[in-house]
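Peer 1: compute the structure for the input listed below.
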Amino acid sequence: MQRASVYLETPVISYLTAKPSNDLLKAARHAATIDWWENSRHKFDLYVSALVVDETSDGDPHAASRRLSEIQGIAVLDIPARVAEIADALLAVKALPTTAREDALHIGVAADQGLDYLLTWNFKHINNAEKKARIREVLEDFSHACPIICSPEALGAIS
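Peer 2: Predicted coordinates for the structure are as follows:
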């Protein structure tokens with residue numbers, strides 16, 4: 001039986017390597033990410049994109065080094081022109097705001113590659129209940145299935 005595939009979006013890696021926080025929401029996300037990473041990730045084929053690599057490289061060099069070390073060995077997907085077309089379509093129909101092009105690219109890569117899950121903590125643009133239907137419609141226009149968009153906590157609960 002083939003394992004399900006998971007696209008890791010940048011906030012997952014950020015929470016995985018973050019320092020503990022006094023903010024309850026951040027602390028809960030940090031704990032859920034670590035739990036998923038330690039107990040569930042081995043059940044899936046993991047992928048990131050070149051965009052995730054770029055985003056995890058940004059910021060404080062020490063923190064970036066920790067983030068990059070966690071994704072070392074995970075398959076890195078390119079972002080072909082057809083993914084940019086998907087992203088443009090998502091933005092054009094306002095499935096995501098025009099300021100969220102990178103988020104649209106993450107969705108496009110996961111869908112274009114036929115991945116089963118898109119794992120994210122981005123509830124503003126990607127894992128947003130009000131946006132998921134429109135995202136799915138756009139992906140279907142490109143003859144792509146929409147990956148299941150969820151948080152590590154949700155995927156850990158169903159895996």
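Peer 1: from P80, how far off is the spatially closest residue to D58 that is not a sequence neighbour?
Peer 2: Closest residue to D58 apart from its sequence neighbours, by CB to CB, 6 or more residues apart in numbering: A64 at 6.5 Å. Bear in mind the C-beta positions are built from the backbone N, C-alpha and C, glycine included. Distance, A64 to P80, using CB to CB, to the nearest Å: 26 Å.
Peer 1: have a look at those two and say which one is more surrounded.
Peer 2: A64 (15 against 12; other CB atoms under 10 Å).
Peer 1: give me the three-state assignment for the more buried one.
Peer 2: Following DSSP: H, G, I helix; E, B strand; the rest coil, A64 is assigned to helix.
Peer 1: quick one, what contacts it?
Peer 2: Residues in contact with A64 (CB atoms under 8 Å, 6 or more residues apart in numbering) are T56, S57, D58.
Peer 1: give me the buried entries from those.
Peer 2: Those of the contacts of A64 that meet the buried threshold are T56, by 16 or more other CB atoms under 10 Å.
Peer 1: dump the contacts of A64 to JSON lines, plus pLDDT and secondary structure.
Peer 2: Below are the contacts of A64 laid out as JSON lines (pLDDT from 0 to 100; DSSP: H, G, I helix; E, B strand; the rest coil):
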{"residue": "T56", "pLDDT": "93", "secondary structure": "helix"}
{"residue": "S57", "pLDDT": "94", "secondary structure": "helix"}
{"residue": "D58", "pLDDT": "92", "secondary structure": "coil"}
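Peer 1: and the pLDDT at A157?
Peer 2: Looking at A157, its pLDDT is 61.
Peer 1: next up, phi/psi of the nearest residue to D45 once chain neighbours are set aside, please.
Peer 2: Sequence neighbours aside, S5 is the residue nearest to D45 in space, at 4.6 Å (criterion: CB to CB, 6+ apart). With angles defined as degrees, to the nearest 10, S5 sits at phi -110, psi 140.
Peer 1: what of I74?
Peer 2: Dihedral angles (degrees, to the nearest 10) for I74: phi -90, psi 140.
Peer 1: report the contact partners of it.
Peer 2: I74 is in contact with L8, L46, Y47, V48, counting by CB under 8 Å, 6+ apart.
Peer 1: list the contacts of the first one.
Peer 2: This means L8. Shown in contact with L8 (CB under 8 Å, 6+ apart): L46, Y47, V48, V52, I71, I74, L119.
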